[in-house]
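Undergrad: no FASTA, just this:
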């Protein structure tokens with residue numbers, strides 16, 4: 001190979017090989033001198049910030065420049081065609097750093113630092129560096145709004161989105177307590193056509209409960225362009241069916257308490273309708289939030305009370321089983337039994353109560369001897385000795401005991417214990433009673449009258465019967481009793497163990513109207529007699545007569561009212577008029593008269609003596625009567641005959657200071673048992689005794 005005019009010819013191959021060797025050596029020497037000390041790396045930069053991409057070269061011979069997405073930016077360090085771009089650093093130190101000010105989204109690209117080729121050296125390229133421009137997204141939004149209305153237990157979606165971010169925002173849901181709520185969530189990042197930005201969307205599916213009512217759910221947005229997350233909330237208005245809580249007052253229910261069952265409901269909305277059920281039966285009259293039970297009975301024990309509440313959302317129920325405390329009560333009244341002699345007798349006693357009642361048996365009259373503590377008592381080989389009354393006692397703590405008496409009867413012949421004589425008025429409806437005692441009670445009772453069975457086909461005759469324990473009462477009803485219906489009736493009874501009969505005499509008695517009429521007639525007669533007496537007394541006291549009497553008595557003022565009587569002159573008495581009885585008088589010193597009563601048929605057999613007494617004491621028409629019989633206190637209430645005492649001058653005293661003679665004193669204080677004078681004379685006042693304690697002005701001759 002020959003080199004001619006700078007060209008290599010193939011005529012001389014040797015020189016061609018030498019030239020090639022020199023060329024390769026030149027390339028290696030140039031490459032070793034032009035290289036990068038620092039190459040740019042990928043970097044994230046927030047929009048509107050400034051970024052510097054490093055590029056430091058050594059031994060650069062070729063031109064150093066930057067490319068953006070393989071487009072050269074120029075080799076002028078000021079990069080005049082890109083006002084925000086420039087090469088910064090110490091050029092002599094090989095620093096060709098690319099500075100981008102106020103980064104925009106258009107600056108997001110692949111950058112490369114290059115050393116251009118020379119004739120003797122090829123170009124040198126740096127690593128590709130990704131300038132990732134970060135763009136903060138718009139504030140997050142909830143598609144459903146800031147307040148939504150949902151229904152409890154009905155699933156629904158909440159949507160949170162953040163648009164225009166680069167890269168797409170990260171979204172997360174949190175519940176009202178701050179806990180993550182993205183269990184059932186879906187996240188989507190969507191490219192925005194024609195832009196490097198993206199939209200972020202996250203759905204969450206939740207089933208709200210009433211606890212969410214008024215609470216907020218939060219959507220949090222995270223993005224590298226933000227120093228802190230941003231959030232948005234949605235408040236929930238949860239509609240829910242009534243939530244119930246049932247309470248019973250009082251908590252411990254006793255029989256006869258007044259009980260209130262409360263059904264406390266919360267709901268949204270609040271318009272609630274209530275219904276109440278007892279053992280699933282609707283209680284029509286109860287429609288409020290509480291049910292009242294007055295004087296609750298034991299029949300409610302273990303009953304289920306259910307409250308039902310509903311609104312526009314739905315219906316809820318709550319129930320309570322009533323547990324009661326109540327005293328003992330017999331489920332069925334213990335029954336007496338009748339057994340054959342020598343057979344077993346079994347008595348039953350079952351009681352209801354809560355707590356369960358304790359049962360004890362004892363013989364009537366032997367309370368201390370407990371025969372059994374079980375509901376059943378068996379008496380083996382019953383006899384007349386073991387027959388009789390037994391007591392069952394049921395007890396519950398804090399309640400009064402109850403007891404029941406039962407009788408063990410020995411079966412045998414009946415006995416009739418009715419009254420043998422029974423009386424009824426004629427014309428009445430008679431009920432002739434035949435009382436039969438015995439066990440068993442009679443199977444047949446037959447009535448006889450007049451020697452033949454009573455004809456019960458006659459409408460006038462019917463029978464009624466009552467039965468209690470070992471007593472059977474048969475009543476023969478006879479309508480409109482006639483005379484032939486009175487007489488002897490035969491009652492006979494048969495109980496299978498024997499026969500008994502008794503003759504019952506039915507006698508006639510006055511009818512009730514006659515008795516009542518007699519009583520009324522007697523009362524009328526008594527009233528008429530009383531009226532006649534009153535009218536008669538009024539006729540005997542004319543005012544002019546009283547005035548004359550009082551005038552004469554006035555003259556005797558100051559005289560003693562205690563006198564002793566002597567003989568009187570019957571001839572001095574005179575009759576003074578007539579009326580209900582004759583009024584006899586005798587003169588007092590020829591001026592006035594004292595009256596005495598005589599019988600309607602004439603004068604007394606012996607005259608009686610009278611003496612005036614004060615009218616404010618015991619009443620005797622103004623006078624004190626002295627009979628011939630004087631009560632002797634000294635000889636056991638014997639009455640003795642005494643002669644009538646007389647004044648010594650056969651007249652009544654008319655002057656003050658009149659002195660008694662021998663006869664005993666008669667005072668108004670003795671009146672009532674006549675003159676109380678001891679046998680043998682009596683008590684005499686001292687000689688010259690004058691009684692001036694009585695006022696003559698009060699003397700009266702009025703009867």
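TA: Good, I have the coordinates. Computed from a predicted model, the values in this text were never measured in an experiment.
Undergrad: and the residue positioned nearest the centre of the chain, how far is that from residue 321?
TA: With distances taken as Cα atoms, centre = their mean, residue 258 lies nearest the centre of the chain, 1.6 Å away. Look at residue 258 and residue 321: by Cβ to Cβ, to the nearest Å, they are 19 Å apart. (C-beta placed from N, C-alpha, C; glycine too.)
Undergrad: residue ranges for the strands of the stretch 151-300 of the chain, please.
TA: Assigned by DSSP state E, counting those that start in this stretch, the stretch 151-300 of the chain shows strands spanning 156-165, 170-174, 185-191, 198-206, 216-222, 230-249, 253-254, 259-268, 273-278, 281-282, 290-293.
Undergrad: May I see the ones you listed organised as TSV, with distance to residue 333, mean pLDDT and mean neighbour count added?
TA: TSV is the format used below for the strands of the stretch 151-300 of the chain (distance: least, Cβ to Cβ, whole Å; pLDDT from 0 to 100; neighbours: other Cβ atoms under 10 Å):
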stretch	distance to residue 333	mean pLDDT	mean neighbour count
strand 156-165	66	94	20
strand 170-174	72	94	21
strand 185-191	74	93	14
strand 198-206	66	94	19
strand 216-222	69	95	20
strand 230-249	32	94	18
strand 253-254	24	94	18
strand 259-268	28	94	19
strand 273-278	28	96	17
strand 281-282	29	95	10
strand 290-293	27	95	16
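Undergrad: Tell me which of the ones you listed lies nearest to residue 445.
TA: Smallest distance to residue 445 across these (Cβ to Cβ): 48.2 Å, for strand 281-282.
Undergrad: what's the closest one in contact with?
TA: 275-276 (Cβ atoms under 8 Å, 6 or more residues apart in numbering).
Undergrad: again, but for stretch 291-309
TA: Contacts for stretch 291-309 (Cβ under 8 Å, 6+ apart): 242, 244, 246, 253, 255-261, 263, 265, 267, 272-280, 283, 315-324, 326, 329, 352, 354.
Undergrad: Could I get the average pLDDT for stretch 89-109?
TA: The pLDDT scores in stretch 89-109 average 94.
Undergrad: What's the end-to-end length of it?
TA: 22 Å (Cα to Cα, to the nearest Å).
Undergrad: List the buried residues of that stretch.
TA: Of all the residues in stretch 89-109, those buried under the rule 16 or more other Cβ atoms under 10 Å are 89, 94-98, 100, 103, 107-109.
Undergrad: and those, which two are the farthest apart?
TA: Farthest pair in those (Cβ to Cβ) is 94 and 108. Separation: 27.5 Å.
Undergrad: Okay, now the unreliable bits of the stretch 401-550 of the chain?
TA: 511-512, 539-550 (pLDDT under 70).
Undergrad: again, only this time at 90
TA: Low-confidence segments of the stretch 401-550 of the chain, defined by pLDDT under 90: 442-444, 467-470, 496, 510-519, 521-522, 525, 530, 532, 534-550.
Undergrad: where do the strands sit along it?
TA: For the stretch 401-550 of the chain, the strands defined by DSSP E, counting those that start in this stretch cover 402-410, 415-416, 421-425, 430-437, 444-449, 452-453, 461-468, 471-478, 487-494, 499-509.
Undergrad: mind giving me JSON lines with those strands and columns for mean neighbour count?
TA: Below are these laid out as JSON lines (neighbours: other Cβ atoms under 10 Å):
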{"stretch": "strand 402-410", "mean neighbour count": "17"}
{"stretch": "strand 415-416", "mean neighbour count": "18"}
{"stretch": "strand 421-425", "mean neighbour count": "15"}
{"stretch": "strand 430-437", "mean neighbour count": "20"}
{"stretch": "strand 444-449", "mean neighbour count": "18"}
{"stretch": "strand 452-453", "mean neighbour count": "10"}
{"stretch": "strand 461-468", "mean neighbour count": "12"}
{"stretch": "strand 471-478", "mean neighbour count": "19"}
{"stretch": "strand 487-494", "mean neighbour count": "18"}
{"stretch": "strand 499-509", "mean neighbour count": "15"}
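Undergrad: Make JSON lines out of those and add distance to residue 161.
TA: Formatted as JSON lines, the strands of the stretch 401-550 of the chain follow (distance: least, Cβ to Cβ, whole Å):
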{"stretch": "strand 402-410", "distance to residue 161": "79"}
{"stretch": "strand 415-416", "distance to residue 161": "108"}
{"stretch": "strand 421-425", "distance to residue 161": "110"}
{"stretch": "strand 430-437", "distance to residue 161": "103"}
{"stretch": "strand 444-449", "distance to residue 161": "104"}
{"stretch": "strand 452-453", "distance to residue 161": "112"}
{"stretch": "strand 461-468", "distance to residue 161": "93"}
{"stretch": "strand 471-478", "distance to residue 161": "98"}
{"stretch": "strand 487-494", "distance to residue 161": "106"}
{"stretch": "strand 499-509", "distance to residue 161": "109"}
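Undergrad: Please identify which of those strands is closest to residue 218.
TA: strand 402-410 (69.1 Å).
Undergrad: so where do the helices sit in this structure?
TA: In the chain, the helices defined using DSSP state H lie at 13-33, 512-539, 543-554.
Undergrad: these two touch, right, residue 233 and residue 146?
TA: Yes - assessed by Cβ atoms under 8 Å, residue 233 is found in contact with residue 146 at 7.0 Å.
Undergrad: Would you mind naming the residues that bridge with the residue nearest to residue 45 when sequence neighbours are not counted?
TA: Spatial nearest neighbour of residue 45, excluding adjacent residues (Cβ to Cβ, 6 or more residues apart in numbering): residue 51 at 4.2 Å. Beta bridges link residue 51 to residue 100, judged by DSSP bridges.
Undergrad: How about residue 492?
TA: residue 446, residue 501.
Undergrad: Please apply the same query to residue 203.
TA: With DSSP bridges as the criterion, residue 203 is bridged to residue 159, residue 186.
Undergrad: what's near enough to touch it?
TA: Per Cβ under 8 Å, 6+ apart, neighbours of residue 203: 157-159, 185-186.
Undergrad: what about 10 Å?
TA: 143, 157-161, 171, 173, 182, 184-188 (Cβ atoms under 10 Å, 6 or more residues apart in numbering).
Undergrad: Same check on residue 445?
TA: Residue 445 sits next to 414, 416, 434, 436, 463, 465, 472-476, 491-495, 501 when contact means Cβ under 10 Å, 6+ apart.
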